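K.L.:
Model the structure of this input:
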Amino acid sequence: MKKITVLITGFIIIFLTATVFAGGNEPTNEELLKEIKGLKARVLELETRLMKQEGKIQSTENQTQEIKDKFEHIDTHLLHREEGLPAFFSDGFKIGAGATMIIQGTDDVNADSVTDNEAATDASYSVDLELEKKLEDYGKIFLHLETGKGNGIEDELKVFSNANQDVLNNENVEVAEIWYEHYVNDLAIITFGKLDPTVYFDNNAIANDETTQFLGRMFRNSPVIEFPGYTGGLRLALAPNDKLELNLGYFDADADWEDITDGPFFIGQVNIKPNLFKKKGNYRLLAWLNNKNHIKWSDTTQNKESGYGWGLSFDQELTKNASAFFRYGWQNPDYYLNDQTYSLESSWSGGLQLSGELWGRENDVWALAIGQIFPSKDYKDSNSALKAKTESHLETYYSFKINDHLTIGPDIQFIWNAYGKDSKISDQSQGVYGGRAQIDF
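P.N.:
You can find the predicted model right below:
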């Protein structure tokens, strides 16, 4: 504004000087006053237009921020996980990197490859690199690369819900996600590309990130939702107001980018945000349909059926330093995917998270979760030798924040009736003890 005012004033001076000396005819005082008043009116008009234009720009920026606030979601992205996480900014790009290192041991392995109770201790690591490019006020592009090594303790256990969701065991650098997101207006967002469906569906503020929260697979996402993993797809989100969000997803169920219209995975979710007692909370209800070929337990000739189910995912702040979560899922127990040897019907989990501020460590976190997985009756009836017991899982972890770049802490898990007590070694429960280090560059 100042630059424009100075420029206009300069033009006034030049104009007046040219008027005075042009042609040798000196204007009268009345003529000069008239010219000055006219120019002042013109300057005022230009300033008014400029102020209106700046107001429109500010209004657009505010609307964009409102859109982002409406569609706030929980995910495992380093760049979005929390404010203040180390990141690099350059020319509109935001870049973040992190590494997760895990060591776990058990005295009670029960994998099919072992013949007796043994002890085992294994490790794994993963590396994530994320790049985001914001596109003015209408969207962004996101790229997520990852690599890792080690099976961890998972190949030593035979359970419905395993103990290390972070296992990759693939030292090749993989493009985990690459997508474009467009803000249609202040009500809708469209995202398409290679996506992680769990970013947008069955998400949870307390139990949704294996690098900083629970490691057990059943606490990361419901084990009875047939998520296809990183895959091609499309997500549409609608937010009529700040209390309600709707998400619809269409994904390649095979995650192989072949025949993506054959056997797709559909999912929809409603998220209600009631702001109870002025505390943040998310109450999600979802339903899904997997059109991959499923087989009927009671009649294996019916091998081109679809799977379907529904679920809940709640998280709620209780106090400034305490939050709780709950999940429930159910799927049609009559069918199973042709690459599975068992079928689950339902599961539930719940837990509590406390901030270290309660004991003078405001950046630390302690959390506890417990849950159960129920095999389907059709699966049990398919073989009279099966016990198909309910598997129970408990996990607790502590995150000790050393500094802005390093967080470490122990993680302890117990699993009862592992694999429904139908593994080769089924006479004991599994205890898994270990630790995790999260490095954010």
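K.L.:
quick one: low-confidence parts of this structure?
P.N.:
For the chain, the stretches with pLDDT under 70 are 1-27, 29, 31-32, 47-48, 50-77, 80-87, 339-341, 427.
K.L.:
need the helices for the stretch 251-400 of the chain, in chain order.
P.N.:
377-381 (DSSP state H, counting those that start in this stretch).
K.L.:
can you give me the strands for the stretch 1-150 of the chain?
P.N.:
88-90, 93-106, 120-134, 139-149 (DSSP state E, counting those that start in this stretch).
K.L.:
Turn those into TSV, including distance to residue 406 and mean neighbour count.
P.N.:
The way it works is simple: take the backbone N, C-alpha and C, and place the C-beta from them, glycine included. Output for the strands of the stretch 1-150 of the chain, formatted as TSV (distance: least, Cβ to Cβ, whole Å; neighbours: other Cβ atoms under 10 Å):
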stretch	distance to residue 406	mean neighbour count
strand 88-90	18	9
strand 93-106	10	20
strand 120-134	14	18
strand 139-149	19	18
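K.L.:
So which of those strands is nearest residue 420?
P.N.:
Closest to residue 420 of the strands of the stretch 1-150 of the chain is strand 93-106 (Cβ to Cβ; 18.4 Å).
K.L.:
packing partners for the closest one?
P.N.:
helix 78-81, strand 88-90, strand 120-134, strand 430-440 (3 or more Cβ pairs under 8 Å, 6 or more residues apart in numbering; DSSP states H and E).
K.L.:
Please report the distance of residue 396 from residue 200.
P.N.:
The gap separating residue 396 from residue 200 is 28 Å, by Cβ to Cβ, to the nearest Å.
K.L.:
which one of those two has more residues nearby?
P.N.:
Neighbour totals were compared for residue 396 and residue 200, and residue 200 leads with 24 against 17 (other Cβ atoms under 10 Å).
K.L.:
Go ahead and confirm that one touches residue 235.
P.N.:
Yes - with contact defined as Cβ atoms under 8 Å, residue 200 counts as touching residue 235 (5.4 Å).
K.L.:
any residues in contact with both of these two?
P.N.:
With contacts taken as Cβ atoms under 8 Å, 6 or more residues apart in numbering, residue 200 and residue 235 have 191, 247, 249 as neighbours in common.
K.L.:
Looking at these, which is nearest residue 122?
P.N.:
residue 249 (34.3 Å).
K.L.:
tally of neighbours for that closest one?
P.N.:
Neighbours of residue 249 using other Cβ under 10 Å come to 22.
K.L.:
heads up, I number from 27, so please use that
P.N.:
Okay, using 27 as the starting number, the last item reads as residue 275.
K.L.:
Okay, it and residue 145: tell me how far apart.
P.N.:
42 Å.
K.L.:
again, but for residue 467
P.N.:
From residue 467 to residue 145 the distance is 35 Å (Cβ to Cβ).
K.L.:
Between these two, which is the more surrounded one?
P.N.:
Neighbours were counted for residue 467 and for residue 145 using other Cβ under 10 Å; residue 467 has more, 16 against 10.
K.L.:
okay but that one is in contact with residue 156, surely?
P.N.:
No - between residue 467 and residue 156 there is no contact under Cβ under 8 Å: 10.7 Å.
K.L.:
Report the distance from stretch 147-154 to the chain centre.
P.N.:
21 Å (Cα atoms, centre = their mean, to the nearest Å).
K.L.:
Next: stretch 318-334.
P.N.:
31 Å.
K.L.:
residues of that stretch that come out buried?
P.N.:
Buried residues in stretch 318-334, counted by 16 or more other Cβ atoms under 10 Å: 318-321, 323, 331, 333-334.
K.L.:
What of stretch 274-288?
P.N.:
Buried, per 16+ other Cβ under 10 Å, within stretch 274-288: 275-281, 286.
K.L.:
Using TSV, please lay out these together with distance to residue 448.
P.N.:
Converted to TSV, those look like this (distance: Cβ to Cβ, whole Å):
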residue	distance to residue 448
275	34
276	36
277	31
278	32
279	27
280	28
281	28
286	36
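K.L.:
Can you give me the domain assignment for the chain?
P.N.:
Here the domain assignment for the chain is 28-83, 124-466, based on automatic domain parsing.
K.L.:
if I look at residue 205, how far off is residue 310?
P.N.:
Distance, residue 205 to residue 310, by Cβ to Cβ: 21 Å.
K.L.:
before we move on, the earlier item: any chance of the strands of the stretch 27-176 of the chain in JSON lines with distance to residue 222 as columns?
P.N.:
Formatted as JSON lines, the strands of the stretch 27-176 of the chain follow (distance: least, Cβ to Cβ, whole Å):
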{"stretch": "strand 114-116", "distance to residue 222": "23"}
{"stretch": "strand 119-132", "distance to residue 222": "16"}
{"stretch": "strand 146-160", "distance to residue 222": "12"}
{"stretch": "strand 165-175", "distance to residue 222": "8"}
